[in-house]
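Novice: kindly generate the corresponding structure for this input.
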Amino acid sequence: MRDTFHALYRDTRIGSRGGYRGRRKQGIRGCEPSRSRWIRVTRARRLQIRVCHRVKRQLASLHQIHQFAGQVLVELMSLNQKAQHRSVSDCH
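Specialist: Presented below is the predicted three-dimensional model:
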């Protein structure tokens, strides 16, 4: 039975740990400490935050480019209207 258990769950082992009032009791724990699991989760979250900030920066850059292009179009339209107004006023 024990060999079957270890064959199914190779990442666990039976070990002893401290219990209430210094008693020791037997428990099942993973070969890998839970701390490293938390480190992996923390790294994944940090990576997710970095990706989120990178996307926000890219969107901000795109927004700035869009605003600049819009301003250029507005200036071109105003220059075009001034040129048309001059040509109409020159005809009279």
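Novice: what residue ranges in the chain score low on pLDDT?
Specialist: By pLDDT under 70, the weakly predicted segments of the chain are 1-41, 85, 87-92.
Novice: mind checking what secondary structure Arg46 has?
Specialist: helix (DSSP: H, G, I helix; E, B strand; the rest coil).
Novice: count of residues packed around it?
Specialist: Number of residues near Arg46 (other CB atoms under 10 Å) recorded here: 10. Every residue, glycine included, has its C-beta placed from N, CA and C.
Novice: residues contacting it?
Specialist: By CB atoms under 8 Å, 6 or more residues apart in numbering, the contact list for Arg46 is empty.
Novice: any idea how far it is from Val74?
Specialist: 42 Å (CB to CB, to the nearest Å).
Novice: also Val55?
Specialist: Val55 is 28 Å from Val74, by CB to CB.
Novice: got it, and Lys56?
Specialist: 26 Å.
Novice: repeat that for Ile65.
Specialist: With distances taken as CB to CB, Ile65 is found 15 Å from Val74.
Novice: also Phe68?
Specialist: In this view, Phe68 and Val74 are 11 Å apart by CB to CB.
Novice: same check on Gln84?
Specialist: Distance of Gln84 to Val74, given as CB to CB: 16 Å.
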